[in-house]
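Trainee: Could you work out the structure for the sequence below:
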Amino acid sequence: MRDMTRTRQNNKRGFTLIELLVVCGMMAVISLVIHSTLFSGIRLWQRMDTLKVNEDLNIFLERFAADIANSFEFTGIGFTGQQDSLTIPALVKSPIARINIPGKVVYAYDRQNKVLTRSQMDYSQSYLDVRVTPDHALTGINSCKFSYRVFDKQKKEYSWSEENTADRLPDAVRMELGLGSGSGGYAFNKTVSIPVSGELKE
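Mentor: Below is the predicted model of the structure:
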């Protein structure tokens, strides 16, 4: 009878120290595997997201370079530039005529929403001041600055200016973009020269 009582008491002892150590070791290994898998997944997602941003940025910069290089002087639409916006007279595809006609391309930076947009309108849309939906947009842009290489008649030399209000085209346009934040932030600069072209009139 006493042996049966001792057996029941021994069965209620609980876990031994060795069993607890084995369980803790297994939990540590499992936690390490889960953490490593999760960290690798996050890094892969960040890399894919960065590749997508860079791809969109490259397409946008190529479009910007093409617009600047194809700009021309047109008496109906002026080339105006500020630090956060730029209007370029250029040939654009008319949504009605389905052909390329004189119009304008507008780049505008929304500092509050951190978005840089590109929109275009033909001459009739520009004349009637029709609001159009941007056809390209870059999100997550922390900073954007346009500057213009213009000829100073008084100093008789070229210099970079934050505005272009002259009637003539600038010699070149530079766009400076800031993306990301902190140690992961990076900047892009794109400078495009404007070739000399004849003036188109209405």
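Trainee: what's the longest helix anywhere in the chain packed up against?
Mentor: Longest helix in the chain by number of residues (criterion: DSSP state H): helix 17-69. Contacts defined by 3 or more Cβ pairs under 8 Å, 6 or more residues apart in numbering; DSSP states H and E place helix 17-69 against strand 85-93, strand 115-122, strand 136-139, strand 172-179, strand 186-193. (C-beta placed from N, C-alpha, C; glycine too.)
Trainee: after it, next one along is what?
Mentor: Per DSSP states H and E, helix 17-69 leads on to strand 80-81 as the next helix or strand towards the C-terminus.
Trainee: Spatially central residue in this protein, please.
Mentor: Compute the mean C-alpha point of the chain, and by Cα atoms, centre = their mean the closest residue is L138, 4.1 Å away.
Trainee: Now that one. Nearest residue, chain neighbours left out?
Mentor: Leaving aside its chain neighbours, L138 sits nearest to L116 (4.4 Å; criterion: Cβ to Cβ, 6 or more residues apart in numbering).
Trainee: Give me the below-cutoff pLDDT ranges for the chain.
Mentor: Residues of the chain meeting the criterion pLDDT under 70: 1-15, 40-53, 166-167, 181-184, 196-202.
Trainee: count of neighbours near V22?
Mentor: A count of nearby residues for V22, using other Cβ atoms under 10 Å, gives 12.
Trainee: thinking again about what came up before, with distance to K104 as extra columns, can I get the helices and strands packed on helix 17-69 in CSV?
Mentor: Formatted as CSV, the helices and strands packed on helix 17-69 follow (distance: least, Cβ to Cβ, whole Å):
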stretch, distance to K104
strand 85-93, 6
strand 115-122, 6
strand 136-139, 15
strand 172-179, 15
strand 186-193, 17
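Trainee: Which of the ones you listed sits closest to H35?
Mentor: The closest of these to H35 is strand 186-193. By Cβ to Cβ, the value is 28.1 Å.
Trainee: Report the buried residues of the closest one.
Mentor: Residues 190, 192 are the ones in strand 186-193 that count as buried (16 or more other Cβ atoms under 10 Å).
Trainee: which helices and strands sit right next to that strand?
Mentor: Applying 3+ Cβ pairs under 8 Å, 6+ apart, one finds that strand 186-193 contacts helix 17-69, strand 172-179.
Trainee: got these as CSV, with distance to R111 columns?
Mentor: Listed next are the helices and strands packed on strand 186-193 as CSV, based on distance: least, Cβ to Cβ, whole Å:
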stretch, distance to R111
helix 17-69, 17
strand 172-179, 11
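Trainee: so which of these is the most packed in?
Mentor: When the helices and strands packed on strand 186-193 are scored by mean count of other Cβ atoms under 10 Å, the highest mean neighbour count falls to strand 172-179 (a mean of 19).
Trainee: Right, I'll leave it there.
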